[in-house]
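Trainee: Sharing a model prediction with you, sequence too.
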Amino acid sequence: MDRARLWGVAFLLITAIGWALNWPTIKFLLQVWPAFFARGVAGVGAALLLGLLALSRGESLHVPRSIWPQLGLTAFTSVFAWMGFATVSLNLISVAEAALLVYSMPIWAMLLAWPLRGERPGLRALVALALAIAGVVLLLSGQHSLAGRDQMLGVGLALAAAVLFAWGTVANPKPLPLAPLAQTAWVVGVGCAPMIVLGLVFEHPQLDALTGVAAASLAYMTLVPMGLCYLTWFGALRRLPTGIATITMLLVPLLGTLSAAAILGDPFGLREGGALALTLTGVALALKGLSAPAKSRTPGAHPTEPE
């Protein structure tokens, strides 16, 4: 393996670990700040840092008027819905349940490509769907998962995040004509700013409650998953095939679940392990199908790759 590919693999591992650790990290922040406000502050802070970095590298932050509708759709589906709904779901369900449900988005993309783009799902898509459904059913088969309305709301929010992200990718397949860092800064900023507004109006956060571990969690969310990891993700994409990079990102829900078990004490046994194996195998099949040249770009290759 040449040096460029070695660096690409190293960047992928940094990205996967940084995004995976964000799942249990969010749980600490949610102990003192409500979900939308917490995610919005971290996202807007990261967007400002990415914008400054883009300017330092000579990237223009100018957005032509003609692409604002596309930018808005991308920000809504891949940031506001994805990050916002997924974060709220963590108040109601475990990290393992949320991560696995949210990372099912490539399967929904394959299914949505049929009515939206006339791409009929083949055998690969049906097998992927069957594996993913089996994994989700196994994961939610524990009594605690179906204990009440709150848990089912959490499941619904996580699935909504995955479906909306997939819909945005299929309905809007053309990349924004912006430089990578500038694009990410705008999409993350536009998607997260409304979360702060909604948080202030409806959640009424206690700003002085942010101390200790929660403050460290906010700093980590801002600097690592939404800052450093985007840089390493772009670095990996420049050195490795997109399909390989995207499938490797299936490490994120796996490592996120394992880290939540170690850090938060979340349960991880045969049921959780079997659910991960089934669902991630299905997602891998979906990603392999979506990476074919005739298809649009892979959902996981989106510059606002979810963490």
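Mentor: Alright, I've got the coordinates. Since we're looking at a predicted model, the values are computed, not measured.
Trainee: Low-confidence ranges, the stretch 201-307 of the chain, go.
Mentor: 243, 289-307 (pLDDT under 70).
Trainee: So Pro175: helix, strand or coil?
Mentor: Here Pro175 is coil, with the state taken from DSSP: H, G, I helix; E, B strand; the rest coil.
Trainee: Can you give me the distance of it to Val188?
Mentor: Separation of Pro175 from Val188 (Cβ to Cβ, to the nearest Å) stands at 15 Å. C-beta coordinates here come from the backbone N, C-alpha and C atoms, glycine included.
Trainee: now Ala162
Mentor: According to Cβ to Cβ, Ala162 and Val188 sit 19 Å apart.
Trainee: buried set for stretch 252-266?
Mentor: Within stretch 252-266, the residues that count as buried by 16 or more other Cβ atoms under 10 Å are 252-261, 266.
Trainee: how far is it from where the chain is centred?
Mentor: In terms of Cα atoms, centre = their mean, to the nearest Å, the centre of stretch 252-266 is found 16 Å from the chain centre.
Trainee: Run through the helices of the protein in chain order.
Mentor: With DSSP state H, the ranges of helices along the chain come out as 3-29, 35-56, 68-75, 86-89, 95-102, 105-117, 123-139, 149-171, 180-198, 212-223, 229-239, 242-248, 251-263, 270-290.
Trainee: Show me the one of the ones you listed that comes nearest Pro205.
Mentor: Among these, the nearest to Pro205 by Cβ to Cβ is helix 35-56 (4.5 Å).
Trainee: what comes up buried for that closest one?
Mentor: Buried residues in helix 35-56, counting neighbours by 16+ other Cβ under 10 Å, are found at 35-47, 50-51, 53-54.
Trainee: Check the offset of that helix from the chain's centre.
Mentor: On the basis of Cα atoms, centre = their mean, helix 35-56 sits 16 Å off its chain's mean C-alpha point.
Trainee: Just the CA atoms of that helix, as PDB, please.
Mentor: Provided in PDB are the C-alpha atoms of helix 35-56 (Å, rounded to 0.1, in the frame of the first residue of the first chain):
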ATOM      1  CA  ALA A  35     -31.400  18.500  22.700                       C
ATOM      2  CA  PHE A  36     -32.100  21.100  20.000                       C
ATOM      3  CA  PHE A  37     -30.300  23.900  21.800                       C
ATOM      4  CA  ALA A  38     -27.300  21.700  22.600                       C
ATOM      5  CA  ARG A  39     -26.800  20.400  19.100                       C
ATOM      6  CA  GLY A  40     -27.500  23.900  17.600                       C
ATOM      7  CA  VAL A  41     -24.800  25.600  19.700                       C
ATOM      8  CA  ALA A  42     -22.200  22.900  18.900                       C
ATOM      9  CA  GLY A  43     -23.100  23.000  15.200                       C
ATOM     10  CA  VAL A  44     -23.100  26.800  14.800                       C
ATOM     11  CA  GLY A  45     -19.800  27.000  16.700                       C
ATOM     12  CA  ALA A  46     -18.300  24.300  14.300                       C
ATOM     13  CA  ALA A  47     -19.600  26.100  11.300                       C
ATOM     14  CA  LEU A  48     -17.900  29.400  12.300                       C
ATOM     15  CA  LEU A  49     -14.600  27.500  12.800                       C
ATOM     16  CA  LEU A  50     -14.900  25.700   9.500                       C
ATOM     17  CA  GLY A  51     -15.800  29.000   7.800                       C
ATOM     18  CA  LEU A  52     -12.700  30.700   9.200                       C
ATOM     19  CA  LEU A  53     -10.600  27.700   8.200                       C
ATOM     20  CA  ALA A  54     -12.000  27.900   4.700                       C
ATOM     21  CA  LEU A  55     -11.100  31.500   4.400                       C
ATOM     22  CA  SER A  56      -7.600  30.800   5.600                       C
END
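Trainee: and the angle from that helix to helix 180-198?
Mentor: 150 degrees (axes from the mean of the first three to the mean of the last three Cα atoms, to 10 degrees).
Trainee: No further questions, thank you.
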